[in-house]
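# Prediction below, plus the sequence it came from.
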Amino acid sequence: MNANLYRTAPVRSLRSRLYESEHDLQQMYALLMEARSRTDDWRYWHVGELAFGFFMVACHLDPREHIRLWHNAEGTLVGYAILGEDPSFDCQVLPEYEWSGIEAEAMAWAEARLVELRTRDAKRWSSGMVAGARQDNAERIAFLEQHGFRRSEYAEVNTLRSLDEPIPESALPIGCHVRAVAADAKEISDHAAAQREVWQPWTVGNVTDDDYARFMQLPGYDRDLDVVAVAPDGVIAAYVNGWIDPVNRIGDFGPVGARSSYRRQGLTRAVLLECLRRMKARGMDRVCVSTGVANTPALRLYESIGFETVNTYLEYAKTA
């Protein structure tokens, strides 16, 4: 095991503070893209994962209390940590600063913050903390285990598709069509309703109309990549949120969903294929998407349009 995992204080030149503004979010995106450019596709989050994770914090919590940042002497963001609902913990650090103490300080901050939250609302925050690591990230796994985390049952399959391969056309039911979501209030409301129907009771489904309107103003959101399949009556039947990392030329899907009464009609397949085409037009050369290992229908769908399994994300949990 890397001896640096046992360091408990960050290097002296670093400064730490809580999240303040949208500028910080932009810097968090930049950190992820830079870190991926110097490592690989799977060691760090995709910017799309961060964007949606931030949205969940902004919806239900307060980023100024649940995100912490670390900067070097030059003012460059070199690490950040997020304490989200469930409660969940994540920490991302530039490669040259990994295991210098940021991760340990981030964990200490998250655990102290969780004690405060449980004092205020024991029921809401009673669950144990969850975190995760890719299966091939031995140092991160060791760090989590050192801090009392143990493997839980949940895991996700990470899949990847090259955009060098042809993107097939899709057949749609009569009267249905695929396009970017409209920016009017009626469709924003319908999109929020679709997300609630697909994802509740999970946290990701706890979204109001106003939440989704704010989501569409988030840095990194591209309405042309928010692709929907619309039924003959005008209802959003299926959708995908697409995200791009222009530095590494990799796209990401998430979330993806279809209302229950519109499943098994090829509509989710259609929005995915259309979003692939749009990502290719924006210069991406590959796209990733993840889903739970037990979500066989989703895995079969992704495989049917050219995605291949390349990694696995493992969840770790720490009892309350």
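Sure, I can see it.

# pLDDT weak spots in the chain?
1-12 (pLDDT under 70).

# in the strand ranked longest in it, what's buried?
Using DSSP state E to define each element, the chain has its longest strand at strand 150-162. Residues of strand 150-162 classed as buried: E156, V157, N158, T159, L160, R161 (neighbour count, 16 or more other Cβ atoms under 10 Å). Backbone N, C-alpha and C define where each C-beta goes, glycine included.

# Relative to that strand, what are the paired strands and their orientations?
Partners of strand 150-162 in the sheet, by DSSP bridges, are strand 286-292 (antiparallel), strand 308-318 (antiparallel).

# mind checking how far the helix or strand following it is from the chain centre?
Heading C-terminal from strand 150-162, the first helix or strand you meet, by DSSP states H and E, is strand 177-180. Centroid displacement of strand 177-180 relative to its chain, using Cα atoms, centre = their mean, to the nearest Å, is 24 Å.

# List of residues touching the helix or strand following strand 177-180?
Under the assignment DSSP H and E, the closest C-terminal helix or strand after strand 177-180 is helix 185-199. For helix 185-199, the external contacting residues (Cβ atoms under 8 Å, 6 or more residues apart in numbering) are 181-182, 204-209, 211-213, 216, 226, 228, 235-237, 239, 255, 257-260.

# repeat for stretch 259-271
170-173, 176, 178, 194, 197-198, 227-229, 231, 235-240, 256-258, 301, 304-305.

# tally of neighbours for E74?
7 (other Cβ atoms under 10 Å).

# Quick check: it vs Q26, distance?
Taking Cβ to Cβ, to the nearest Å as the measure, E74 falls 17 Å from Q26.

# So for this structure, the centremost residue is which one?
E49 (2.1 Å; Cα atoms, centre = their mean).

# For that residue, pull up the helix or strand it's in.
Here E49 is assigned to helix 47-60, by DSSP H and E.

# May I see the buried residues of that helix?
Buried, per 16+ other Cβ under 10 Å, within helix 47-60: 47-59.

# next one: stretch 172-185
So stretch 172-185, judged by 16+ other Cβ under 10 Å, has buried residues L172, C176, V178, A180, V181, A182.

# In the residues you listed, find the pair that's most separated.
L172 and A182 (18.2 Å; Cβ to Cβ).

# Which parts of this structure are strands?
Under DSSP E, the chain gives strands at 15-18, 67-71, 77-84, 88-93, 129-134, 150-162, 177-180, 226-230, 236-245, 250-258, 286-292, 308-318.

# Mind putting those into TSV with distance to L144?
As requested, these are exported to TSV (distance: least, Cβ to Cβ, whole Å):
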stretch	distance to L144
strand 15-18	21
strand 67-71	18
strand 77-84	13
strand 88-93	9
strand 129-134	6
strand 150-162	9
strand 177-180	39
strand 226-230	34
strand 236-245	25
strand 250-258	23
strand 286-292	19
strand 308-318	5
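
# Could you chop this structure up by domain?
Here the domain parsing of the chain from automatic domain parsing is 3-148, 160-313.

# Figure out the length between the terminal residues of the last one.
Start-to-end span of domain 160-313 (Cα to Cα, to the nearest Å) is 14 Å.

# Spatially, which residue comes closest to A180, not counting chain neighbours?
D224 (4.8 Å; Cβ to Cβ, 6 or more residues apart in numbering).

# quick one: that neighbour and R278 touch, right?
Yes. The pair D224 and R278 passes the contact test of Cβ atoms under 8 Å, sitting 6.0 Å apart.

# Please say which of the two ends up with more neighbours.
A side-by-side neighbour count of D224 and R278, using other Cβ under 10 Å, places R278 first with 18 against 14.

# That one against V227, yeah?
Yes. With contact defined as Cβ under 8 Å, R278 counts as touching V227 (7.1 Å).

# Mutual contacts of these two, please.
With Cβ under 8 Å, 6+ apart, R278 and V227 have common neighbours G242.

# ok, now which ones touch R124?
L117.

# What subset of the contacts of helix 185-199 is buried?
181-182, 204-207, 209, 211-212, 226, 228, 235-237, 239, 257-259.

# How about G132, nearest residue that isn't a chain neighbour?
Per Cβ to Cβ, 6+ apart, closest to G132 is E315, 4.8 Å.

# Could you double-check that the one you found sits in contact with M129?
No. If you go by Cβ under 8 Å, E315 and M129 don't touch, sitting 11.0 Å apart.

# Have a look at these two and say which one is more surrounded.
Comparing E315 with M129 by other Cβ under 10 Å, the one with more neighbours is M129, at 22 against 18.

# What separation do you get for A73 and S13?
Taking Cβ to Cβ, one finds A73 at 5 Å from S13.

# Regarding this protein, what is its longest helix?
The longest helix of the chain (DSSP state H) is helix 102-120.

# got the angle for it vs strand 129-134?
If you take axes from the mean of the first three to the mean of the last three Cα atoms, to 10 degrees, helix 102-120 sits at 150 degrees to strand 129-134.

# any idea how far helix 102-120 is from the chain center?
Distance, centroid of helix 102-120 to centroid of chain: 21 Å (Cα atoms, centre = their mean).
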